[in-house]
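A.B. asks: Got a predicted model here, sequence first, then my questions.
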Amino acid sequence: MNAQVREYLDLAPARMRAMQEHDLERVAAIERAAYDFPWSIGIFRDCLRAGYGCWVLCHEEAVIGYGILSSGGGEAHVLNVCVDPEHHGAGHGRHLVKRLIDLARWQRAERVFLEVRPSNPRAIALYESLGFNEIGRRPRYYPARQGREDAIVMAQELLSEDL
């Protein structure tokens, strides 16, 4: 099967819905599979309880990814985006981030921020392709196998006519 057909078949039935308490075990499992230093289930629970925009991406009713967005004061911050490693390469990360940007627009944000590890070139390329630009660095932001790793801070300005 060629890559275009695979992408269509894999992405076509994917849909986003609000994350619910019963999704937390699966979300935490995806997080553990994808990251060396994962968020705990308690952090996800706190995000839900705080009222952040917590979303899951489902494929054939199974949760295969998630995104969390904090909004307020004219700004939005992508706190976490992740796709199950078994579903990488099918456009799901792009779909998730685009929907989070849409949510930021609907919440009247003027800009969206995120942090990304310099050691994650695929994510950096994705964010750049969606209009994010590097605006700074946070030294020693992330835990890493060899101590700490900086974060690249990226932002996207949302045009007022988009609001």
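C.D. replies: Structure's in. What do you need? Residues are numbered from 1 along each chain as shown.
A.B. asks: Could you pull up the residues touching residue 96?
C.D. replies: Applying CB atoms under 8 Å, 6 or more residues apart in numbering to residue 96 gives the contacts 16, 55, 57, 65, 66, 67, 81, 83. The C-beta positions use only the backbone N, C-alpha and C, and glycine is treated the same way.
A.B. asks: Go ahead and confirm the first one touches residue 53.
C.D. replies: No - using CB atoms under 8 Å, residue 16 makes no contact with residue 53, being 10.6 Å away.
A.B. asks: For the two, indicate the residue with more neighbours.
C.D. replies: Under the neighbour definition other CB atoms under 10 Å, residue 16 and residue 53 were set side by side, and residue 53 has more, 21 against 18.
A.B. asks: how about the nearest residue to the more buried one, chain neighbours excluded?
C.D. replies: Once flanking residues are discounted, residue 53 sits nearest to residue 69: 3.9 Å by CB to CB, 6 or more residues apart in numbering.
A.B. asks: One more: residue 37?
C.D. replies: Distances taken as CB to CB, 6+ apart put residue 143 closest to residue 37, at 4.5 Å, once the chain neighbours are dropped.
A.B. asks: so where does residue 43 fall, helix or strand?
C.D. replies: Element membership of residue 43, judged by DSSP states H and E, is helix 41-50.
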